[in-house]
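Asks: Compute the structure for the input listed below.
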Amino acid sequence: MKSFDLQVNGYAGTDFNGDALTAEALHQACECLVEDGCDNILATFITDEIPTLERRIGKLVELREKDELARRIITGIHIEGPFINPIKGYVGAHPPHAVKPANVDDAKRLLAAAGGLAKLVTLAPEHDAGCKTAAFLVSQGVTVSAGHCDPSLDQLNAACDAGLSMFTHLGNGCPIQMHRHDNIIQRALSLHERLWLCFIPDGVHVPFFVLKNWLASIGLARTIFVTDAISAARLGPGRYTLAGWDILIGNDLVARSPDATHFVGSTVTVPRIKTNASEQLGMSEEDLKQVIDVNPRKAIQL
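Replies: Here you go, the predicted structure:
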C-alpha cells in the first residue's frame, strides 16, 4: 500500500529543520522512509525567523536536487508557520518570538527559497488580514491550511472563500482547556465538507476513542492521516532536537518539551499508523489507503 505523508519534520535521526543538515543525513532519512513504506512526503519546516527559514529551506532544496532518492521521496515542502497564532496553547511548540502576522512579502520570500517546491502552507486565518496571504498562496498553486489558530467560524469561512482548503493536525495546536462548545475543533469539524481535515493517529495527540467519534461524524471523504514525524521517529527514547529546540522522548515514545508541558511533533511512523488504523480504529485496508495516500494527493492536487 502506497502512502504520502504531508507532514514530516525529520526522520531517523535527521532533522530537516536543523542547520547541520547534510547530504548523507538526508539520504539516510529517505532510505528509512522507504523501508517503513512511505513513498512520498512533504518535508516540513516550522516557525522561525524568515532569514533562518529561507536558509534551512534552501539547504534542503539544494541537497534534494543532487540526490535521486531524495527527489523521488520528497515531493515538496510544507511550511508550517511563522504566520500562526502566538497565544500560548495555540502556538504549540513553535517559538513565539518568531511568530508574525501573515503577509504577502514574507510569503514571497519563503516561496522563492523553496524554489517551486512549496506545496502546503499552514497559517492562522485570524492573523491574515483580509485573507490576502491565503489568496496569494493559492494563486501560486500552494494549498493553504489553517493550523495553530483560533479563527471564529466567520473568519474560517472567509478564509475558505479565499481558497484555504485544509486544517493541520486537528485536535492539536490548541489549548488543553477551551470553551466546551464554541472552540476551534468544533468549528473545523463543522466545515468538513469544505476542508481536508488532518489527524495524527497515534492515540496520544488525539485519543483513539475521540478520533473514532470524529471519523464517525465526518466520514473519510476529506480525512487525512499524517505522522508529524520528527528526527526521533524510529529511534526510541532519548533527547533529540527540532529546529534547535530540545525534545524528550519517554518510554511511551511520546515527543514532549523537556518540561513536559506540551507535545513537540510525533514519533509515529507509517507502519504504526497502519496498525493503529486496523486495531484501534477498525479501518479496512481500503479506508486506510484513502486517508494515507489518495486523499493527501488530492489535497495538494497531485
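Asks: can you give me the helices in this protein?
Replies: Remark: helices assigned in the chain by DSSP state H are 23-35, 50-65, 68-73, 104-114, 132-139, 153-161, 184-190, 208-218, 270-279, 285-289, 295-299.
Asks: Centre of the chain to the last one, how far?
Replies: Translated: helix 295-299. Relative to the centre of its chain, helix 295-299 is centred 14 Å away, using Cα atoms, centre = their mean, to the nearest Å.
Asks: and what of the fourth one?
Replies: Computed by Cα atoms, centre = their mean, the separation of helix 104-114 from the middle of its chain amounts to 19 Å.
Asks: C-alpha coordinates for it, CSV please?
Replies: Extracted C-alpha coordinates of helix 104-114, given in CSV (Å, rounded to 0.1, in the frame of the first residue of the first chain):
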residue,chain,number,x,y,z
VAL,A,104,2.5,38.6,1.1
ASP,A,105,6.1,39.9,1.1
ASP,A,106,7.4,37.3,3.5
ALA,A,107,5.3,34.6,1.8
LYS,A,108,7.0,35.5,-1.5
ARG,A,109,10.4,35.1,0.2
LEU,A,110,9.6,31.7,1.5
LEU,A,111,8.2,30.5,-1.8
ALA,A,112,11.4,31.8,-3.5
ALA,A,113,13.5,29.8,-1.0
ALA,A,114,11.5,26.7,-1.8
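Asks: quick one on the thing from earlier: of all the helices of the chain, which lies closest to residue 85?
Replies: Ranking the helices of the chain by their distance to residue 85 (criterion: Cβ to Cβ) puts helix 184-190 first, at 9.5 Å. C-beta here means a position set from N, CA and C on the backbone, and glycine is covered the same way.
Asks: before we move on, back to that, of all the helices of the chain, which lies closest to residue 12?
Replies: Comparing the helices of the chain by Cβ to Cβ, helix 23-35 comes nearest, at 3.8 Å.
Asks: for that closest one, what is the average pLDDT?
Replies: Across helix 23-35, pLDDT averages out at 98.
Asks: what's the answer for stretch 39-58, then?
Replies: Stretch 39-58 comes out at a mean pLDDT of 98.
Asks: same deal with stretch 148-162?
Replies: Stretch 148-162 comes out with an average pLDDT of 98.
Asks: hey, which helix or strand in this protein has the poorest pLDDT?
Replies: strand 255-256 (a mean of 71; mean pLDDT, DSSP states H and E).
Asks: re earlier: so for residue 126, which of the helices of the chain sits nearest?
Replies: Of the helices of the chain, nearest to residue 126 by Cβ to Cβ is helix 153-161, at 5.2 Å.
Asks: what about dumping the CA coordinates of the closest one to CSV?
Replies: Output of helix 153-161 as CSV, limited to C-alpha atoms (Å, rounded to 0.1, in the frame of the first residue of the first chain):
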residue,chain,number,x,y,z
LEU,A,153,-16.4,30.5,12.3
ASP,A,154,-16.9,33.6,10.2
GLN,A,155,-13.1,34.0,9.8
LEU,A,156,-12.6,30.4,8.9
ASN,A,157,-15.4,30.6,6.3
ALA,A,158,-13.9,33.7,4.9
ALA,A,159,-10.5,32.0,4.6
CYS,A,160,-12.2,29.1,2.8
ASP,A,161,-13.8,31.6,0.4
